[in-house]
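# below are the sequence and a predicted model; questions follow.
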Protein chains: 2
Amino acid sequence: MSEDVAPPRRDRIFVQVTVDLAILTVRDGSLQILLIRRGNEPYQDHLALPGGFIREGEGLRDAAHRELHEETGLDGTLLHLTQLGAYGDPERDPRGRIISVAFLAIAPHLPSPVPGSDAVGARWMPVESALADRTFLAFDHYEIATDAVERARTMLEQTMLAPVFCAPEFTMGELREVYEVVWGIPLDPRNFARKVKNTPDFVKETGHKRSPAIGRPAILYTAASPSDATLYPAMLRHAMREAAE
Amino acid sequence: MSEDVAPPRRDRIFVQVTVDLAILTVRDGSLQILLIRRGNEPYQDHLALPGGFIREGEGLRDAAHRELHEETGLDGTLLHLTQLGAYGDPERDPRGRIISVAFLAIAPHLPSPVPGSDAVGARWMPVESALADRTFLAFDHYEIATDAVERARTMLEQTMLAPVFCAPEFTMGELREVYEVVWGIPLDPRNFARKVKNTPDFVKETGHKRSPAIGRPAILYTAASPSDATLYPAMLRHAMREAAE
DNA sequence: TCAAAAGTGTTGCTTGTACACCCATGT
DNA sequence: ACATGGGTGTACAAGCAACACTTTTGA
C-alpha cells in the first residue's frame, strides 16, 4: 500500500470478487469433486465449481462457508476449509474483471444426492474425469481444481487431515482407503496401522466396533486432534515419490 | 459460480484490489523485511508492507512484479514470487472494501539503500522487531508478514529456494547462514555441506574461489535448479522441531 | 472353518546427528 | 603457526518397507 501520492483514477479499478469451492470427497474408491452445471452464460451447460459472489460486509471465509452450505447442505464448521489463493487473470471471466478466491473443502463420504438447496444439478465426479481435459470445466476451474487436489495430497502427507474425509467414526481400513485413493497408491495395512497408532494424538479408539458381513469386527476410531495439526514425522514420503515415476 | 438466477444487485458488490509484498532478505545475521513509511491516511506515518492497487488488465502476479520493481528497483524475474493468498476481512481497510492479494518475495542480500524509485522511505527491519507487536504494522500486515515468514521457513525446508537469498555466487557458509537465520537455529557445517552436495541438482561449483581476510579460500557455488524444485528428502525436519520447544 | 480385520516381529535400508579427525591456504 | 573454510569417516538412533506369522471374531 504505497499510494503515497493518490494514483490516477484509472489505477484504482473496481472489480467483482467470487469465491469458488473445490469440494473433495472419497467415494466408490476414487477421489471425487463436486461440480454444478451452469444454467447461464457464460459457459452455459458446462460443469463448474460451485461458488458465487461475495456480499457486502462478508469475509472471504464467511462467503465460502455460506456457499458450501448452500451447495452441500452441510454445516461448514464440520468441514475443513483452506484457502487456495486468488485467481485473477484479467481474461479468466468473459464478463469482465472478476477475481476469484478459491477454497478447498474436504467432505466426508456423503449420501449420493447432495441435499443442498442450490444444489440442483450438483454431482460428484471423479477428479480423474473432471481433469482429463483442460477445457472440460468452465473458466479457469481446471487450474483451481488441479491446485486443490495437489493441496489435498500434501495436506494428507503433513497434517492429521485424513479423518475429515471419513464419517465421525471410522475403521483403520477406511482411513487407509483415504490415503490410497487420494495418492493413487496401495499401502501396507500393517505398517499403516502401526504408523497411525504410534503417532500421538492422531486417532483414538471409541470403544465401539462394527461387524462386516463376515469376519472380525473392525475397531472404530475418531480423530484425536484438530485436523490441521501437523503430523511428524510426515506420512509416507517415500512411497509417493516412487509412484510419481 | 452458481449464479443460476441473477442475484439481486447488492450481492454483486464491487471492491478494490491491492497487492501487498512481503519482501524478505537475510542481512546482518537476521531475517529482515522491507517496510515503507506511509505518507497518507489511513495509518499515516505507520510502517507497512509495500504494495498498491492493481491496474486495468493487469494480472495479480504482474502487479506484484511491478510493485516489486518500483519498491526495490530489482527486476522481478530474478526474485522468487509466491502468492500467499487473499486477505479480505471487511474491516481490514478503513477506506472501504479493499481486498489484498499478498505475495512473498525472497531477495538476495541487497545494498542498504534500496535503489527503487518509489522506495524513498523504504527500509529493512528485522522481522523480530516488525512482528513484536501486532499493531506495529499498518492494516492487517502483521498477519500477512507472519504468514510470509512461516511460508519462507517451510519453503526453505522443502524446496531448493535458499540460493535465492544469496548473491549469484555464494559459499557454503553463506548458504548455511540463510538456514540458520531463517530458522533461528545453528546447524552443523559439516553435515550441512554433505547434505547439500549429496542432493542432486541443488548447487554446483563455479570453479571460482573467494579469499577471506585470513584462512583458506571459500569455494563458490551457484544454484543448479529452479528455486522451486522440491527438495527430497526435505532439509532438517528434526532440528527445527526440537528448537520449537 | 473360513475370510476379514487386527496385531507382532524381524530384517534391511536410508537418513539424520554428533563428533573426532584431516586437508588447504594465506597472513 | 594458526585461524578459517573445507572435507572424510564413523557410530548411533530413528524411521520406513517388505513380509512372515499370529490372533480375534462372527457367520
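That came through, no problem. Remember, it's a predicted structure, so these values are computed and weren't measured experimentally.
# is the lengthiest helix in chain A anywhere near DNA strand D?
For chain A, the helix with the greatest residue count under DSSP state H is helix A:141-158. No. Helix A:141-158 lies apart from DNA strand D when judged by C-beta under 7 Å from any atom of the strand; the minimum separation is 10.4 Å. (Each C-beta comes from the backbone N, C-alpha and C, glycine too.)
# off-centre distance for that helix?
8 Å (C-alpha atoms, centre = their mean, to the nearest Å).
# check stretch A:70-83 too.
So, by C-alpha atoms, centre = their mean, the centroid of stretch A:70-83 is 10 Å from its chain's centroid.
# and the longest helix of chain A, average pLDDT?
Averaging pLDDT along helix A:141-158 gives 96.
# need the longest strand for chain A.
Identified as the longest strand of chain A according to DSSP state E is strand A:14-27.
# quick one, what contacts the nearest residue to A:Thr171 once chain neighbours are set aside?
Excluding its sequence neighbours, the residue lying closest to A:Thr171 (C-beta to C-beta, 6 or more residues apart in numbering or on different chains) is A:Ala218, at 3.8 Å. A:Ala218 is in contact with A:171-173, A:209-212, counting by C-beta atoms under 8 Å, 6 or more residues apart in numbering or on different chains.
# can I get the longest helix of chain A as PDB, trimmed to CA atoms?
Taking Å, rounded to 0.1, in the frame of the first residue of the first chain, the C-alpha atoms of helix A:141-158 are listed here in PDB:
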ATOM      1  CA  HIS A 141     -11.600 -24.100 -12.900                       C
ATOM      2  CA  TYR A 142      -9.200 -26.700 -14.300                       C
ATOM      3  CA  GLU A 143      -6.300 -24.800 -12.600                       C
ATOM      4  CA  ILE A 144      -8.200 -24.300  -9.400                       C
ATOM      5  CA  ALA A 145      -9.200 -28.000  -9.200                       C
ATOM      6  CA  THR A 146      -5.700 -29.100 -10.000                       C
ATOM      7  CA  ASP A 147      -4.300 -27.000  -7.300                       C
ATOM      8  CA  ALA A 148      -6.900 -28.200  -4.900                       C
ATOM      9  CA  VAL A 149      -6.000 -31.900  -5.500                       C
ATOM     10  CA  GLU A 150      -2.400 -31.200  -5.100                       C
ATOM     11  CA  ARG A 151      -3.000 -29.300  -1.900                       C
ATOM     12  CA  ALA A 152      -5.100 -32.100  -0.500                       C
ATOM     13  CA  ARG A 153      -2.300 -34.600  -1.300                       C
ATOM     14  CA  THR A 154       0.300 -32.600   0.600                       C
ATOM     15  CA  MET A 155      -2.100 -31.900   3.500                       C
ATOM     16  CA  LEU A 156      -2.700 -35.600   3.800                       C
ATOM     17  CA  GLU A 157       1.000 -36.100   4.000                       C
ATOM     18  CA  GLN A 158       1.800 -33.400   6.500                       C
END
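# what's the following helix or strand after it?
The helix or strand immediately downstream of helix A:141-158 is helix A:172-183, counting by DSSP states H and E.
# what's the angle between that following helix and helix A:141-158?
Interaxial angle of helix A:172-183 relative to helix A:141-158 (axes from the mean of the first three to the mean of the last three C-alpha atoms, to 10 degrees): 140 degrees.
# ok, A:Glu205 - contacts?
With C-beta under 8 Å, 6+ apart as the criterion, the residues that contact A:Glu205 are A:219-221.
# gap between the residue nearest to A:Thr171 and DNA strand C?
3 Å (C-beta to the nearest atom of the strand, to the nearest Å).
# repeat for A:Ala122
According to C-beta to the nearest atom of the strand, A:Ala122 and DNA strand C sit 30 Å apart.
# A:Thr206 now?
11 Å.
# stretch A:46-61 near chain B at all?
Yes. Legend: contact between stretch A:46-61 and chain B by C-beta under 8 Å from any C-beta of the partner chain is shown at A:48-60.
# keep only those of the residues you listed that are in helices.
A:Leu60.
# would you list the buried entries among the residues of stretch A:46-61 next to chain B?
A:48-55, A:58-60 (16 or more other C-beta atoms under 10 Å in any protein chain shown).
# just put the residues you listed in TSV and tack on pLDDT and distance to A:His80.
Formatted as TSV, those follow (pLDDT from 0 to 100; distance: C-beta to C-beta, whole Å):
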residue	pLDDT	distance to A:His80
A:Ala48	96	22
A:Leu49	96	17
A:Pro50	94	16
A:Gly51	94	17
A:Gly52	94	20
A:Phe53	95	23
A:Ile54	96	20
A:Arg55	95	23
A:Glu58	95	20
A:Gly59	96	17
A:Leu60	97	16
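# which two among the residues you listed are spaced furthest apart?
Using C-beta to C-beta, these span at most 23.0 Å, a distance reached by A:Ala48 and A:Gly59.
# ok, back up a step: I'd like the contacts of A:Glu205 laid out as a markdown table, including secondary structure.
Putting the contacts of A:Glu205 into a markdown table (DSSP: H, G, I helix; E, B strand; the rest coil) gives the following:
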| residue | secondary structure |
| --- | --- |
| A:Ile219 | strand |
| A:Leu220 | strand |
| A:Tyr221 | strand |
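# got CSV for those, with distance to chain B and neighbour count too?
Listed next are the contacts of A:Glu205 as CSV, based on distance: C-beta to the nearest C-beta, whole Å; neighbours: other C-beta atoms under 10 Å in any protein chain shown:
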residue, distance to chain B, neighbour count
A:Ile219, 30, 16
A:Leu220, 31, 19
A:Tyr221, 25, 22
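# of those residues, closest to A:Val181?
Nearest member of the contacts of A:Glu205 to A:Val181, counting by C-beta to C-beta, is A:Tyr221, at 18.0 Å.
# what sits against that closest one?
A:163, A:169-172, A:175, A:203-206.
# now list the buried members of these.
A:163, A:169-172, A:175, A:203.
# what about A:Lys209, neighbour count?
Neighbours of A:Lys209 under the rule other C-beta atoms under 10 Å in any protein chain shown: 12.
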